[in-house]
Structure formats: structure tokens, C-alpha cells
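*Asks:* let me see the structure of the following:
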Amino acid sequence: MSFLVSYLDPMIDPGVPVPPYLQLAGILRTRIASGEITGRLPSEKQLAQEFGLAQGTVRRALGLLREEGLITTVQGYGSFVRQGPA
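*Replies:* Model (predicted):
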């Protein structure tokens, strides 16, 4: 399996040289771009359970998407796909 294909797979692959948080960020980025995720993202706990990751790893992936301007997070409410220009 190639590096790029692994990076875009919908599951985390511990056998590739890409940190899990980057793999998750790639998966979520793809889901946002495709329209699969609009509005509110699943919670950190839900994403951790879905992908078998620690919540800290999920938090790091969400932080990256926030830095890229793809999502915004409201404390106590969750993370949301940004609408319009970042």
C-alpha cells in the first residue's frame, strides 16, 4: 500500500510512517471536503472510539484542522466545520 493511499484510507494504519494524528486529520479533511461532515463534528470521545485512538491524539488532529481554518471549536459545544472564508 502506498504512503498516499494509506494516508487517505478511512482507518488509522499503524504500519505507515505517518503519525496517527496526521492520518486522522487527513481522514477528517477528506470527509469535510466531500460533504460527508457538515456542521458539527463527532465529539473527541466518539472519534477516539471510532478510530481506536487516545483522546489526546484526536485533540491534536482537531487542533491541526483548526489551524488550517477548516473547523472552529466552541468550548462546551464541540467542533464545527467553518462556513465561508477562514
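*Asks:* tell me how far Leu70 lies from Pro20.
*Replies:* From Leu70 over to Pro20 the distance is 18 Å, taken as CB to CB, to the nearest Å. The way it works is simple: take the backbone N, C-alpha and C, and place the C-beta from them, glycine included.
*Asks:* packing partners for the longest helix seen in the chain?
*Replies:* Scanning the chain for the longest helix, with DSSP state H as the assignment, gives helix 20-34. In terms of contacts (3 or more CB pairs under 8 Å, 6 or more residues apart in numbering; DSSP states H and E), helix 20-34 is packed against helix 3-8, helix 44-51, helix 55-67.
*Asks:* one more pass at 6 Å, please.
*Replies:* For helix 20-34, the contact count by 3 or more CB pairs under 6 Å, 6 or more residues apart in numbering; DSSP states H and E identifies helix 55-67 as packing neighbours.
*Asks:* ok, residues contacting the helix it packs on?
*Replies:* Contact partners of helix 55-67, identified using CB atoms under 6 Å, 6 or more residues apart in numbering, comprise Pro20, Tyr21, Leu24, Ala25, Glu44, Leu47, Ala48, Ile71, Ser79.
*Asks:* likewise stretch 23-33?
*Replies:* Where contact means CB under 6 Å, 6+ apart, the residues beyond stretch 23-33 that reach it are Tyr7, Pro10, Ile12, Ile37, Ala61, Leu64, Leu65, Leu70, Val81.
*Asks:* neighbour-wise, give me the winner out of these.
*Replies:* Per-residue neighbour counts (other CB atoms under 10 Å) across those peak at Ala61, which has 25 neighbours.
*Asks:* just the pLDDT at that one, thanks.
*Replies:* For Ala61, the pLDDT comes out at 98.
*Asks:* do Tyr7 as well
*Replies:* At Tyr7, the model reports a pLDDT of 45.
*Asks:* low pLDDT regions in this protein?
*Replies:* Across the chain, the ranges flagged by pLDDT under 70 are 1-9, 84-86.
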